[in-house]
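Asks: Dropping a prediction and its sequence here:
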Amino acid sequence: MSVVLTEFADGIATITINRPEARNAVNRAVAQALADAIDEFEARPDVAVGILTGAGGTFSAGMDLKAFADGEHPVLPGRGFGGLTERPPAKPLIAAVEGWALAGGFELALACDLIVAATDAKFGLPEVKRGLIAAGGGVLRLPKTLPYQLAMEIALTGDTLGAVRAHQFGLVNAITEPGQAIRTAEALAARIAENGPLAIRGTKQVLSQAIRYTDADAFQAQLEIVRTVNTSADALEGARAFAEKRPPVWRGA
């Protein structure tokens with residue numbers, strides 16, 4: 001089976017990360033397949049809106065740390081983590097979140113324009129627990145969506161944020177019963193797809209630029225800090241400790 005599944009129907013593209021055995025962790029193959037799926041979504045004139053979700057009851061646990069420990073990086077040049085975070089599609093994209101959306105998984109959701117989540121879904125940026133910075137747009141986008149202090153708490157502690165509270169603060173557009181996020185996302189997508197395709201795309205473009213949703217200067221500004229941290233011995237130790245199922249031993253280097 002493909003690590004990313006795509007379906008196109010009724011003006012809606014459904015893109016599913018399909019690694020349930022790994023909680024839909026993103027490795028290089030997933031990143032490339034996601035980029036290819038987004039390209040197809042963008043190119044099809046019969047599709048106005050997309051849904052990004054994960055198979056098996058989990059959205060995505062983020063970067064595949066075992067693959068990272070082996071030297072694999074799920075970041076595509078010019079496109080970012082998962083082939084998405086630095087270059088979201090011009091058409092609107094809805095995240096349908098069940099279970100966990102952690103680390104890069106949360107960053108994928110934040111790269112989407114709308115989020116639908118099950119009531120028991122959890123969001124989080126636990127990178128600091130692995131000696132990393134959430135470099136896929138997480139620390140850039142989160143304070144544009146949540147109050148500054150709450151965004152800082154989530155980013156600095158690595159603790160999770162439940163879907164119900166996320167909905168209260170406007171991070172999540174709609175909450176639904178567990179197992180129903182995709183259905184609610186499809187209903188929302190259908191409401192969008194009813195509208196003019198050029199108007200949909202143009203509206204997203206203007207609105208996203210108005211709030212500096214994707215800011216190339218911001219990605220450039222964080223580059224040196226992130227490079228120093230994410231290529232450190234601690235970063236590798238965090239990945240190795242995860243793979244070996246032991247507590248990490250930090251060295252601050």
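Replies: Good, I have the coordinates. Numbering: from 1, shown residues only.
Asks: switch to C-alpha atoms for all contacts and neighbour counts from now on
Replies: Noted.
Asks: ok now the helix or strand hosting residue 187, how far from the chain's centre?
Replies: Here residue 187, judged by DSSP states H and E, is contained in helix 181-193. In terms of Cα atoms, centre = their mean, to the nearest Å, the centre of helix 181-193 is set 18 Å apart from its chain centre.
Asks: Which elements pack onto it?
Replies: strand 12-17, strand 49-54, strand 93-97, strand 114-118, strand 174-176 (3 or more Cα pairs under 8 Å, 6 or more residues apart in numbering; DSSP states H and E).
Asks: and those, which is most packed in?
Replies: A comparison of those by mean neighbour count, using mean count of other Cα atoms under 10 Å, puts strand 93-97 on top with a mean of 29.
Asks: Name the surrounding residues that touch it.
Replies: Residues outside strand 93-97 that contact it (Cα atoms under 8 Å, 6 or more residues apart in numbering): 49-54, 58-59, 109, 112-118, 121, 181-182, 185, 189.
Asks: Parallel or antiparallel, which strands does that strand pair with?
Replies: If you go by DSSP bridges, strand 93-97 pairs up with strand 49-54 (parallel), strand 114-118 (parallel).
Asks: for the longest one, the distance to its chain's centre please.
Replies: Okay, so that is strand 49-54. On the basis of Cα atoms, centre = their mean, strand 49-54 sits 11 Å off its chain's mean C-alpha point.
Asks: ok, residues contacting it?
Replies: Contacts of strand 49-54 (Cα under 8 Å, 6+ apart): 11-18, 20, 24, 41, 59-60, 91-98, 182, 185-186, 189, 192-193.
Asks: run the last query once more with 6 Å
Replies: Contact with strand 49-54 is made by 12-17, 59, 91-96, as judged by Cα atoms under 6 Å, 6 or more residues apart in numbering.
Asks: Check the offset of the next helix or strand along the chain from it from the chain's centre.
Replies: The helix or strand immediately downstream of strand 49-54 is helix 65-69, counting by DSSP H and E. Centroid displacement of helix 65-69 relative to its chain, using Cα atoms, centre = their mean, is 18 Å.
Asks: which strands and helices sit next to helix 65-69?
Replies: If contacts are counted by 3 or more Cα pairs under 6 Å, 6 or more residues apart in numbering; DSSP states H and E, helix 65-69 sits against helix 233-243.
Asks: export the helix holding residue 187 as CSV, just CAs?
Replies: Coordinates of each C-alpha in helix 181-193 appear next as CSV, following Å, rounded to 0.1, in the frame of the first residue of the first chain:
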residue,chain,number,x,y,z
ALA,A,181,-13.6,14.1,12.0
ILE,A,182,-13.4,13.1,8.4
ARG,A,183,-17.1,13.2,7.9
THR,A,184,-17.4,16.7,9.5
ALA,A,185,-14.4,17.8,7.4
GLU,A,186,-16.1,16.5,4.2
ALA,A,187,-19.3,18.5,5.1
LEU,A,188,-17.2,21.6,5.6
ALA,A,189,-15.3,21.0,2.4
ALA,A,190,-18.6,20.5,0.5
ARG,A,191,-19.7,23.9,1.7
ILE,A,192,-16.6,25.4,0.4
ALA,A,193,-16.6,23.5,-2.9
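Asks: coming back round to it: want to throw the strands paired with strand 93-97 into a markdown table with distance to residue 230 and mean pLDDT?
Replies: Listed next are the strands paired with strand 93-97 as a markdown table, based on distance: least, Cα to Cα, whole Å; pLDDT from 0 to 100:
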| stretch | distance to residue 230 | mean pLDDT |
| --- | --- | --- |
| strand 49-54 | 26 | 98 |
| strand 114-118 | 28 | 98 |
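Asks: Redo those strands as CSV? Include distance to residue 206.
Replies: Output for the strands paired with strand 93-97, formatted as CSV (distance: least, Cα to Cα, whole Å):
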stretch, distance to residue 206
strand 49-54, 16
strand 114-118, 16
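Asks: quick one on the thing from earlier: right, and the helices and strands packed on helix 181-193 - which one's nearest residue 231?
Replies: Taking Cα to Cα, strand 12-17 is the member of the helices and strands packed on helix 181-193 nearest to residue 231, at 26.7 Å.
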